[in-house]
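Asks: sharing a sequence plus its predicted fold:
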Amino acid sequence: MRPITRRELVLGGAALAMAPRIAAAQPSRNVLVGAFDAGPGGSPGNLNPLTATAGYTALNFIYEPLVIYTPALDRIVGALATSWESNPEKTRYTFRLADGVAWQDGEKFTAADAVFTLGLAQDAKTGSVHAAALAGITATAPDAHTLVVEPGRPNADLPDLLSGLMMLPQHLLEPLGRDGLDRNPWWTKSAVGTGPFQLVHHEPDQYAELKANAGYRRGRPKLDGIVNRYFKDPAGAAAALGAGALQFSAVEPEAARGFTGNQDFHVIEGSSWVLSYIGFNFDAGLWDDVRIRQAFIHAINREAIVRGLCDGAAEVANSLFIAAAVTPPDLDKYAYDPARAKALLAAGGWEKINGGKPIPWLACLDAPPVAKVMAAIQSMLAQVGVNVVPRSVDAATYHDLVNAPQPDPSACPLLFAGAPNGPDPAAVNGWTAESQIPPNGANIARIRQPALNAALAAALAETDDARRVTCWQEVARVANREAPIVPLWVARRYGVVTANVKNFVWTPAPSGGPFDQRAELWSFG
């Protein structure tokens, strides 16, 4: 595959201005051009799966985990591991690795690479976002095709944890050292994985060009390559798709309607598995009384916002969880009730605690729909005597503010956030448990709830499948009662692919997956 030229990218952009109508792209060569990282939730900066919090669909072209979710996100299947088993206590897991797997430079993939990858992911010096979740886990390689992992405690969720951990080559990364590894140019210049496509060229915040991995374990891909173009604004990606410059893009609901019914395109729809919420910074000294937190939920007409500002493409949430099995039916739905909100605020002493003083409300998504949603909520809270002031910042600034080791609570006493919440309910521990307050985890709201901590610990320690469901339902009930956050809604997400792309698999998974997308089977026809 020859490298894509800047001229081709420029011409692709020029097509946007010239195309008067939606028309499917006609590839001039056997290369799929897509926008897999459209919008502020993408991960265009580099190709480092240790530091990525999004963009896993594209990362999975290059790298692979040991185990992976199916596209339906209903079960975990083997990837680089063909099988695995655990002892009854779930304190020891044995993974059998696939035969004949090679890195894209030709070196063999072995269990030693898996041990090395776990070590990197556990070391905060590498910038790994997995460090807290993998703490205490040990891994050994009895032979080249066997990996033994011991969590250090009963842990039924280990396969879920490992499904998001992409394997990395020891022979290439170990010589680079761990200090500053997250900033090493290897990720953008020389990245090597075991996936179906390998890196040709990467321009940060612009595009990544990949070519088929002829030695891929499942056979050479049918496509010669994939180009992943980055779009900060999803509307720009939708315009490029309609103009014929792309074969795939994630799109906003309104844009998806523009492609619906057009035989040249296929619209894919599904749950985002991401809970949008308002987070109370428990270090701010404003939210200690549960009645004040409950008042916030009653004050916001979530149903009206979903209908009017989310284009109906969302479902109101009353639980930490999205999976129905662990969401009990008896949760308080906190109906919109401004009078009830006022009464709860008065009973909680709001006038003395803060009254009408402005409260900064931090968000990192400054797209127009989010701005409209925040303005609507600001107005609703004002009606019950709460003065929030939205403040939207870029993703880097948001990350620095909420993850600072010793943050100023007055800078972000209230957060607008979203939490990936996949099929395994244990994911909520990472952003709600007190032990996961940064830098240990993603509890960016600094939630400090003893009852919730206890319920989470009990659920994580349970290994019996039936009792685990009961334990996670209790977590849902405790959170519903204690209101550590304002659960808003779970949005639906959309992708559009041209009809001439065959065997295409895409799921609007949290953070982009990963899931078993079988990209080696994608083709034009």
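Replies: Thanks, I have the structure now. Residues are numbered from 1 along each chain as shown.

Asks: now the residue of the chain positioned farthest from its centre: how far from Leu286?
Replies: Largest separation from the mean C-alpha position in the chain: Lys352, at 39.0 Å (C-alpha atoms, centre = their mean). Counting by C-beta to C-beta, to the nearest Å, the separation of Lys352 from Leu286 is 11 Å. No exception for glycine: its C-beta is placed from N, CA and C like everyone else's.

Asks: now Gly244
Replies: When Gly244 is compared with Leu286 (using C-beta to C-beta), they lie 52 Å apart.

Asks: what do you get for Ala371?
Replies: Here Ala371 is placed at a distance of 24 Å from Leu286 (C-beta to C-beta).

Asks: who has more neighbours out of those two?
Replies: Between Ala371 and Leu286, Leu286 has the larger neighbour count (other C-beta atoms under 10 Å), namely 21 against 14.

Asks: A strand includes Val77, no?
Replies: Yes. Going by DSSP: H, G, I helix; E, B strand; the rest coil, the assignment for Val77 places it inside a strand.

Asks: return the residues in contact with it.
Replies: Val67, Ile68, Tyr69, Thr70, Asp516 (C-beta atoms under 8 Å, 6 or more residues apart in numbering).

Asks: name the element the second one belongs to?
Replies: So that's Ile68. Per DSSP states H and E, Ile68 falls inside strand 67-69.

Asks: show me what that strand is packed against.
Replies: Strand 67-69 is packed against strand 76-78, with contacts defined by 3 or more C-beta pairs under 8 Å, 6 or more residues apart in numbering; DSSP states H and E.

Asks: need the contact list for the nearest residue to Leu521 once chain neighbours are set aside.
Replies: Excluding the flanking residues, the one nearest Leu521 by C-beta to C-beta, 6 or more residues apart in numbering is Asn503, at 4.3 Å. Asn503 makes contacts with Lys222, Arg518, Leu521, Trp522, Ser523, as judged by C-beta under 8 Å, 6+ apart.

Asks: what about Asn503, distance to Val267?
Replies: Distance from Asn503 to Val267, by C-beta to C-beta: 17 Å.

Asks: same check on Arg291?
Replies: 44 Å.

Asks: give me the subset of the contacts of Asn503 lying in strands.
Replies: Secondary structure from DSSP state E places Ser523 of these in strands.

Asks: in a markdown table, list the contacts of Asn503 along with neighbour count.
Replies: Compiled in a markdown table, these are given as follows (neighbours: other C-beta atoms under 10 Å):
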| residue | neighbour count |
| --- | --- |
| Lys222 | 17 |
| Arg518 | 14 |
| Leu521 | 16 |
| Trp522 | 23 |
| Ser523 | 15 |
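
Asks: buried ones in the helix or strand where Glu85 lies?
Replies: Element membership for Glu85, per DSSP H and E: strand 81-86. Across strand 81-86, burial judged by 16 or more other C-beta atoms under 10 Å covers Ala81, Trp84, Ser86.

Asks: could you point out which residue ranges in this structure have low pLDDT?
Replies: Where the chain drops to pLDDT under 70, the residues are 1-28, 38-45, 365-368.

Asks: domains in it, as residue ranges please.
Replies: 1-63+195-264+499-525, 67-170, 272-491 (automatic domain parsing).

Asks: now the last one, how far from the chain's geometric center?
Replies: Between the centre of domain 272-491 and the centre of its host chain there is 17 Å, according to C-alpha atoms, centre = their mean, to the nearest Å.

Asks: one more: the second one?
Replies: What separates the centre of domain 67-170 from the centre of its chain is 19 Å, taken as C-alpha atoms, centre = their mean.

Asks: if we can go back for a sec, what's the angle from the helix or strand just after the strand holding Glu85 to strand 81-86?
Replies: The element immediately downstream of strand 81-86 (helix or strand, assigned by DSSP H and E) is strand 93-97. On the basis of axes from the mean of the first three to the mean of the last three C-alpha atoms, to 10 degrees, strand 93-97 is oriented at 160 degrees to strand 81-86.

Asks: so who does Trp350 touch?
Replies: Applying C-beta under 8 Å, 6+ apart to Trp350 gives the contacts Ile292, Ala295, Gly385, Val386.

Asks: go again with 6 Å.
Replies: Neighbour list for Trp350: Ile292 [criterion: C-beta atoms under 6 Å, 6 or more residues apart in numbering].

Asks: what of Glu351?
Replies: Counted by C-beta under 6 Å, 6+ apart, Glu351 has zero contacts.

Asks: how close does it sit to His145?
Replies: When Glu351 is compared with His145 (using C-beta to C-beta), they lie 67 Å apart.

Asks: I'd assumed Trp506 was in contact with Phe515.
Replies: No. Assessed by C-beta atoms under 6 Å, Phe515 is found out of contact with Trp506, at 8.9 Å.

Asks: any idea which helix or strand comes after the lengthiest helix in the chain?
Replies: Identified as the longest helix of the chain according to DSSP state H is helix 465-482. Once the chain leaves helix 465-482, the next helix or strand it forms, by DSSP H and E, is strand 485-498.

Asks: now do the next helix or strand after that following strand: which elements does it pack against?
Replies: The first helix or strand that comes after strand 485-498 along the chain, using DSSP H and E, is strand 501-502. Other helices and strands packing on strand 501-502, by 3 or more C-beta pairs under 6 Å, 6 or more residues apart in numbering; DSSP states H and E, are absent; none qualifies.

Asks: mind listing what strand 501-502 pairs with, with the direction of each?
Replies: Taking DSSP bridges as the criterion, strand 501-502 forms sheet pairs with strand 523-524 (antiparallel).

Asks: what about the strand it pairs with, distance to the chain center?
Replies: Centroid separation for strand 523-524 versus its chain: 28 Å, with C-alpha atoms, centre = their mean.

Asks: can you give me the helices in the stretch 201-350 of the chain?
Replies: 234-242, 253-259, 290-299, 302-308, 338-347, 350-353 (DSSP state H, counting those that start in this stretch).

Asks: if you compare those helices, which one is most tucked away?
Replies: helix 234-242 (a mean of 24; mean count of other C-beta atoms under 10 Å).

Asks: gap between it and the chain center?
Replies: For helix 234-242, the distance from its own C-alpha centre to the chain's C-alpha centre is 22 Å (C-alpha atoms, centre = their mean).

Asks: helices and strands around it, which ones?
Replies: strand 248-251.

Asks: hmm, 10 Å instead?
Replies: Counting contacts by 3 or more C-beta pairs under 10 Å, 6 or more residues apart in numbering; DSSP states H and E, helix 234-242 packs against helix 6-18, strand 31-35, strand 225-229, strand 248-251, helix 253-259, strand 485-498.

Asks: mind checking which of these is nearest Trp186?
Replies: strand 225-229 (18.7 Å; C-beta to C-beta).

Asks: what is that closest one packed up against?
Replies: Here strand 225-229 touches helix 6-18, strand 31-35, helix 56-62, strand 197-203, strand 207-212, helix 234-242, strand 248-251, going by 3+ C-beta pairs under 10 Å, 6+ apart.
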